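[1] I would like the atomic coordinates for the input below:
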Amino acid sequence: MSGHERSARLELVVGDVLVQRFATPAWRTQARAVDTAAILAAIENLRAAPPRELVLAAARPIDHPGLDAILAAAIAPVTLECDGTWIDADALARLRGVAKLRVVIGGIREQVAETVMRAPGTWRRAAQGLAAAVASPLEVEVVIPALRWNADDLVPLVDWLATLPGRRPALAIAVPRVATTAPAHRAALLPHDQLAARAAQVFERCKRAGLAHGFAGADAPPACAAHGALDRFGSVFHDSLRRQAHEPARALVPITACASCSLRHACRGVEPEYVATFGEAGLAPVPLASSTSWRLRPTGRAHEVDYKQISPFDNDHAGNGRTLLRINGHCQMACAFCFVDRSAGDLPLATLIAELDRLAARHVDHVVFSGGEPTLHPELAALITHARGLGYRTIEIQTNGVRCEDRDYAATLVAAGLTKATVSLHSMDPALSDEITRMPKAFARTIAGLHHLQELGVQTQLAHVITRQNYQALPAFTAAILDEFAGGTRHLSICFAIAQGISDLVYAWVLPTFTEVRPHLRAALDLCRARGVGFGGLIGQGGYPPCQLDGEMAYYQGVLDKVYRSPDFDAQFHKAAACRGCDFDRYCIGVRKDYVRCYGDAELAPIRIAPEVLAGATPLPLVAPAIEPAPARLIAIGKRA
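    Below you'll find the predicted structure:
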């Protein structure tokens with residue numbers, strides 16, 4: 001496993017497969033200790049790019065003759081993946097450098113547990129060892145493979161774990177793969193729909209008991225089998241699909257339900273061995289309304305994903321620079337296309353002021369305070385005041401506008417120095433808006449906040465993210481917005497941004513295709529032009545390349561010299577072979593690789609542009625995104641006529 005990934009796993013004993021012993025009847029004869037020198041060499045090979053976690057796997061790691069030397073050489077916090085039969089006070093005292101124990105258990109009943117683990121006579125020692133681990137200072141995660149044999153033990157196991165004295169353990173359900181289960185033992189497996197229903201019961205009980213919970217290794221029953229039972233824990237599906245994407249060699253096949261499933265571009269299907277064993281019964285298409293309602297919560301799960309979150313950027317154009325500073329991650333809303341980890345709280349005021357001072361040394365043209373939701377930060381007004389003292393000419397917040405429903409609060413921000421607000425609004429249909437943001441009755445509060453900001457003289461801009469839920473309503477949305485907010489002397493502009501896979505937090509299935517969006521977006525932009533209302537967001541990172549608007553460069557006038565490109569844009573964006581023949585190739589960063597993973601790159605087509613149109617455009621740096629073929633498995637979108 002690459003050192004850039006969250007964890008690296010090394011087996012101390014070959015063949016000692018804890019989670020699937022039932023699938024490997026001869027595990028005892030296969031098992032052999034790995035030479036200590038080989039393990040130390042493997043650890044040394046990871047040193048150049050250390051993992052965040054080093055997992056050492058063996059049923060009884062304490063028996064490995066080189067354990068002390070291996071722990072001493074560890075280059076990252078160590079997790080021991082093991083059973084509980086060896087754990088006692090003396091053994092725990094030897095575990096210097098170990099941060100976590102991942103203890104596999106077969107069930108709560110003696111006969112069941114020993115059958116699952118294929119280890120007669122070990123249950124009592126295993127249970128006592130697990131209790132000793134929970135009582136220790138170490139973090140403990142309990143892993144139980146879910147089978148027909150122990151399905152009735154899952155909820156009682158939670159209840160037992162909740163009674164143990166010591167630190168609360170986490171519980172992870174392991175989903176055995178049919179492909180790696182011996183055919184003779186596949187009758188022990190649970191069909192996905194039954195497993196999903198049982199897991200929902202377990203997770204609800206874990207929530208009540210205060211135990212972190214999830215699926216081990218991010219494998220989970222597919223959403224098509226859950227029938228809504230796990231929607232409250234929808235991040236498990238998201239994690240499973242992420243893992244799918246990182247295992248391109250894994251054999252998966254589409255089923256009948258895939259044709260009309262909202263996840264069809266993000267999911268490759270199910271194991272062919274599963275279909276051969278259980279058929280397609282219990283597998284149904286997942287509606288878009290369900291898949292976009294899943295909430296991503298990195299906290300409270302047994303397997304957290306490490307998401308990059310709070311970070312500034314600085315777009316330093318001469319006399320027209322723009323600095324953005326994220327001041328928190330949390331938000332009252334939970335939009336499916338948001339790339340910010342909402343579990344992140346408010347950054348300390350001193351930290352933010354120091355960062356703002358550093359950024360102001362480059363320019364004081366324009367600063368943006370973003371989140372999460374920046375109005376939830378108790379020191380937002382103080383930050384705005386500090387920015388004004390530094391001399392920033394434009395001071396902006398990116399907000400959902402809900403707190404500005406309170407006119408006095410909005411006035412406080414304006415008095416502190418606020419000059420501009422970009423307010424997120426993704427539909428003028430109140431019900432759809434609240435569905436997208438997952439905040440009941442938020443639409444009316446955002447509308448009121450927008451009016452208050454305009455009345456107080458703040459330059460306002462709407463941020464409208466185009467998704468599968470709202471793209472067909474773009475012309476109607478734009479017309480309603482212009483009628484509501486663009487009259488008289490009020491200043492309004494609209495930033496249109498197509499949903500993008502900017503981080504692992506974004507649901508790939510909310511992304512519409514450029515081809516689907518094109519006629520609706522053009523109609524919306526033409527409405528803005530007819531009414532003299534400015535618009536943006538079409539070009540640069542997260543934008544809409546000119547080739548997707550038929551090469552009509554009038555939509556890009558005035559912004560060709562202001563395109564933001566992050567330092568790592570070449571790693572994030574894709575160029576098709578067809579781009580080489582495009583007049584805009586030298587200025588275009590392409591499309592996000594996440595988009596290409598979903599839909600391929602057949603939509604990208606060269607366009608002809610008059611030289612004078614590009615006279616003020618800023619060309620790319622000399623290091624441009626590599627032109628690479630789209631993965632063969634992707635669904636290609638036919639080029640327009």
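
[2] use CA for all of it now, contacts and neighbours both
    OK.

[3] low-confidence stretches in this structure?
    Counting by pLDDT under 70, the chain shows low-confidence ranges at 1-6, 15-31, 295-320, 501-506, 540-542, 562-567, 622-641.

[4] quickly list the domain ranges of it.
    The record's domain parsing of the chain by automatic domain parsing lists 1-112, 313-537, 568-641.

[5] ranges for the helices of the stretch 101-250 of the chain?
    Under the criterion DSSP state H, counting those that start in this stretch, the stretch 101-250 of the chain contains helices at 110-117, 123-135, 154-163, 192-209, 223-226, 235-245.

[6] beta partners of residue 534?
    In this entry, residue 534 is beta-bridged to residue 493, by DSSP bridges.

[7] what's around it, how many residues?
    14 (other C-alpha atoms under 10 Å).

[8] now the helices of the stretch 101-250 of the chain as TSV including distance to residue 147?
    TSV is the format used below for the helices of the stretch 101-250 of the chain (distance: least, C-alpha to C-alpha, whole Å):
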stretch	distance to residue 147
helix 110-117	8
helix 123-135	17
helix 154-163	10
helix 192-209	8
helix 223-226	16
helix 235-245	19
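
[9] so which of those helices is the most packed in?
    helix 223-226 (a mean of 24; mean count of other C-alpha atoms under 10 Å).

[10] the domains of the chain: which one's closest to residue 268?
    domain 568-641 (9.1 Å; C-alpha to C-alpha).

[11] show me the contacts for the residue nearest to residue 509 when sequence neighbours are not counted.
    Spatial nearest neighbour of residue 509, excluding adjacent residues (C-alpha to C-alpha, 6 or more residues apart in numbering): residue 263 at 5.5 Å. Residues near residue 263 by C-alpha atoms under 8 Å, 6 or more residues apart in numbering: 286, 291, 509.

[12] and residue 263, which of the three is it?
    Per DSSP: H, G, I helix; E, B strand; the rest coil, the local secondary structure of residue 263 is coil.

[13] now do the one 3 residues further on
    Look at residue 266: counting by three-state DSSP, its state is coil.

[14] cool, residue 601 as well?
    Following three-state DSSP, we place residue 601 in the coil state.

[15] pretty sure it sits against residue 578.
    No. Using C-alpha atoms under 8 Å, residue 601 is not in contact with residue 578, being 9.2 Å away.

[16] who has more neighbours out of the two?
    With neighbours defined as other C-alpha under 10 Å, residue 601 and residue 578 compare such that residue 601 has more, 27 against 16.

[17] now that one: how far from residue 363?
    Taking C-alpha to C-alpha, to the nearest Å as the measure, residue 601 falls 38 Å from residue 363.

[18] so who does the nearest residue to residue 186 once chain neighbours are set aside touch?
    The spatially closest residue to residue 186, leaving aside those adjacent along the chain, is residue 178, at 6.8 Å (C-alpha to C-alpha, 6+ apart). The contact partners of residue 178, taken as C-alpha under 8 Å, 6+ apart, are 186, 189, 271, 273, 274.

[19] residue 593 too?
    572, 573, 574 are the contacts of residue 593 under C-alpha under 8 Å, 6+ apart.

[20] return the members of those classed as buried.
    Neighbour counting with 16 or more other C-alpha atoms under 10 Å marks 572, 573, 574 as buried within the contacts of residue 593.

[21] just confirm the first one contacts residue 589, I think it does.
    It refers to residue 572. No. Under the criterion of C-alpha under 8 Å, residue 572 makes no contact with residue 589, lying 9.3 Å away.

[22] can you tell me the SS state at the closest residue in space to residue 407 that isn't next to it in sequence?
    Nearest in space to residue 407, with sequence neighbours left out and distances taken as C-alpha to C-alpha, 6+ apart, is residue 452 at 5.9 Å. Classification of residue 452 using three-state DSSP returns helix.

[23] what residues does residue 452 make contact with?
    By C-alpha under 8 Å, 6+ apart, the residues touching residue 452 are 404, 405, 407, 410.

[24] most widely separated two among those?
    Spatial extent of the contacts of residue 452 (C-alpha to C-alpha) is set by the pair 405 and 410 at 7.8 Å.

[25] those two - which one has more neighbours?
    Under the criterion of other C-alpha under 10 Å, the comparison of residue 405 against residue 410 puts residue 410 first, with 22 against 19.

[26] that one and residue 401 touch, don't they?
    No. Assessed by C-alpha under 8 Å, residue 410 is found out of contact with residue 401, at 9.3 Å.

[27] overlap in contacts of these two?
    Shared contacts of residue 410 and residue 401 (C-alpha under 8 Å, 6+ apart): residue 449.

[28] nearest to residue 531, of the helices of the stretch 101-250 of the chain?
    helix 235-245 (41.2 Å).

[29] show the subsequent helix or strand relative to that closest one.
    Downstream of helix 235-245, the next assigned helix or strand under DSSP states H and E is helix 272-278.

[30] hmm, who's touching that next one?
    Outside helix 272-278, the residues within contact range by C-alpha under 8 Å, 6+ apart are 178, 179, 186, 191, 251, 252, 253.

[31] take the contacts of residue 263 and keep only those in helices.
    residue 291 (DSSP state H).

[32] quick check, nearest of the contacts of residue 263 to residue 231?
    residue 291 (8.1 Å).

[33] what about that closest one, distance to residue 335?
    Distance of residue 291 to residue 335, computed by C-alpha to C-alpha: 12 Å.

[34] do residue 475 as well
    Distance of residue 475 to residue 335, given as C-alpha to C-alpha: 21 Å.

[35] next: residue 186.
    For residue 186 relative to residue 335 (C-alpha to C-alpha), the value is 40 Å.

[36] please apply the same query to residue 10.
    38 Å.

[37] more neighbours: which of those two?
    With neighbours defined as other C-alpha under 10 Å, residue 10 and residue 335 compare such that residue 335 has more, 23 against 19.
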